[in-house]
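A.B. asks: Give me a 3D structure for the following:
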Amino acid sequence: MSTVKDEAQDFSKPTKWELQAKENEEREAEAKAVASKLFSPSELTMQSKQIHEAAVPVLGKLRYGELTLDDSFTIAKCKTDADKSCMAAYLILKEAYPEMPLYTPENIGQWSKSMPLAEGAALLLFIRNTPAFYERNPSMA
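C.D. replies: As a prediction, the model looks like this:
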């Protein structure tokens with residue numbers, strides 16, 4: 001006795017192999033893009049000194065610099081996560097606005113106490129969405 005499938009196959013949906021092939025093509029394209037990008041330390045150091053601009057709700061046109069490796073050591077000296085976030089925000093602003101007063105990991109709390117809530121929150125949301133502040137992958141922790 002043979003069994004015949006009564007269900008008709010839906011050919012409009014991609015098969016498991018078609019989905020795998022698409023994933024493989026995407027991975028290959030990403031690998032080619034990475035391979036074609038040439039690492040250039042001299043370009044990176046020049047880029048780190050550039051001042052960027054972005055339109056940020058609540059803040060308007062925001063000018064900011066990039067954090068450097070040295071900045072990460074300064075941020076690490078802060079005692080609390082809140083102070084680390086404030087120090088990161090302060091450092092990117094200090095690059096673009098050198099006339100700002102000098103704050104250190106020891107007194108960054110004074111700066112955060114002087115920042116109005118709405119503007120401070122908008123600034124923290126902005127830097128949180130920059131690549132250096134993407135949420136850390138737990139598997140990489």
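
A.B. asks: chain center to the worst-scoring helix or strand of the chain on mean pLDDT, what's the gap?
C.D. replies: The helix or strand of the chain with the lowest confidence, counting by mean pLDDT, DSSP states H and E, is helix 41-47 at a mean of 80. Helix 41-47 sits 19 Å away from the centroid of its parent chain (C-alpha atoms, centre = their mean, to the nearest Å).

A.B. asks: Beyond that helix, next helix or strand please.
C.D. replies: Using DSSP states H and E, the helix or strand that follows helix 41-47 towards the C-terminus is strand 52-56.

A.B. asks: Can you list the strands that that next one pairs with?
C.D. replies: The partner list of strand 52-56 in its sheet, established with DSSP bridges, is strand 60-64 (antiparallel).

A.B. asks: Please enumerate residues in contact with the strand it pairs with?
C.D. replies: Counting by C-beta atoms under 8 Å, 6 or more residues apart in numbering, strand 60-64 makes contact with 51-56, 92-93, 95-97, 123, 126, all of which sit outside it. For glycine as for every other residue, the C-beta is placed from the backbone atoms N, C-alpha and C.

A.B. asks: Those: which two are farthest apart?
C.D. replies: Ala55 and Glu95 (18.4 Å; C-beta to C-beta).

A.B. asks: Between these two, tell me which one has more neighbours.
C.D. replies: Ranked by neighbour count (other C-beta atoms under 10 Å), Ala55 and Glu95 place Glu95 first, with 20 against 8.
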